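Colleague: Take a look and give me a structure for this.
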Amino acid sequence: MRDQRIVTIQRGGLLGNEQHCQLITWATDCAEHVLPLFGEPIDIRLLEAIQTARAWARGEIPVGQAQKASLQSHAVARESVNPAAIAVARAVGQAVATAHKADHSINSAWYALKALIAAGKSPDAERIWQNDQLPLELRELVLSARNGRRFQLDSNESKLQ
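Modeller: Next up, the predicted model:
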C-alpha cells in the first residue's frame, strides 16, 4: 500500500506540487551523487535523464517526456553487467520517474545506496548525505516513509524485501 503522504494531490494523496518538485530534485541529487560509480564513459542516456528530471522540476517539460527518460535509464540498467552500474542506472531511472509518481524518489535514494554496496563501499555516509540534502519541510515525511518501507541494506547485498 502506498503511503498517501507521499502521493500527489492530483493522485488522491497529500503532497503538493512544490513538494513534488522538491522530491524530484532531491532524488536527482541522490542519483547524480553516485553517477561516478557507473564507470567511464557514463552512458549519455543517464546524463540526459538527469537533465530531464531537473527540467521537469522547473516546469519546462511534461511528465511524458520524463517517463521516456526513465525508461531509457532502465534500459541502460538492463544492458549493463556491472552491479554498481546497474544500481546507478536504476537510481537515475527512479529519480526521473518521480515526475510521474512522487514516491519513486525514495527508490532513487535506495538504489544509490545499493550502488555503493555493489561498488564495495559503505552506504552509511551516503545515507547521512542523502538525509542532509532533504528540504527541511520534507525531512520528517521522507525519513518516516523510508523507514516504513521494507528496504534492507547490508554489506553483502542489497535487496527489497
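
Colleague: Break down the protein into its strands, ranges please.
Modeller: 151-153, 158-160 (DSSP state E).

Colleague: least reliable of those going by mean pLDDT?
Modeller: For these, the weakest mean pLDDT is recorded on strand 158-160, namely a mean of 37.

Colleague: in stretch 105-125, what counts as buried?
Modeller: Of all the residues in stretch 105-125, those buried under the rule 16 or more other CB atoms under 10 Å are 105-119, 121, 123. In short, each C-beta sits where N, CA and C put it, glycine included.

Colleague: Among those residues, which lie within helices?
Modeller: Of those, the ones assigned to helices by DSSP state H are 105-118.

Colleague: Make TSV out of those residues and add distance to residue 12.
Modeller: Putting those into TSV (distance: CB to CB, whole Å) gives the following:
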residue	distance to residue 12
105	18
106	18
107	20
108	22
109	24
110	24
111	26
112	28
113	29
114	30
115	32
116	34
117	35
118	36
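
Colleague: Closest to residue 48 out of those residues?
Modeller: residue 108 (16.2 Å; CB to CB).

Colleague: Got the confidence number for the spatially most central residue of the chain?
Modeller: The residue lying closest to the centre of the chain (CA atoms, centre = their mean) is residue 108, at 1.9 Å. Per-residue pLDDT puts residue 108 at 97.

Colleague: Where does pLDDT dip in the protein?
Modeller: Low-confidence segments of the chain, defined by pLDDT under 70: 1-4, 148-161.

Colleague: So which residues of it form helices?
Modeller: Counting by DSSP H, the helices of the chain are 17-33, 44-57, 63-79, 83-97, 104-118, 124-133, 136-148.

Colleague: Tell me which of the ones you listed sits most buried.
Modeller: helix 83-97 (a mean of 27; mean count of other CB atoms under 10 Å).
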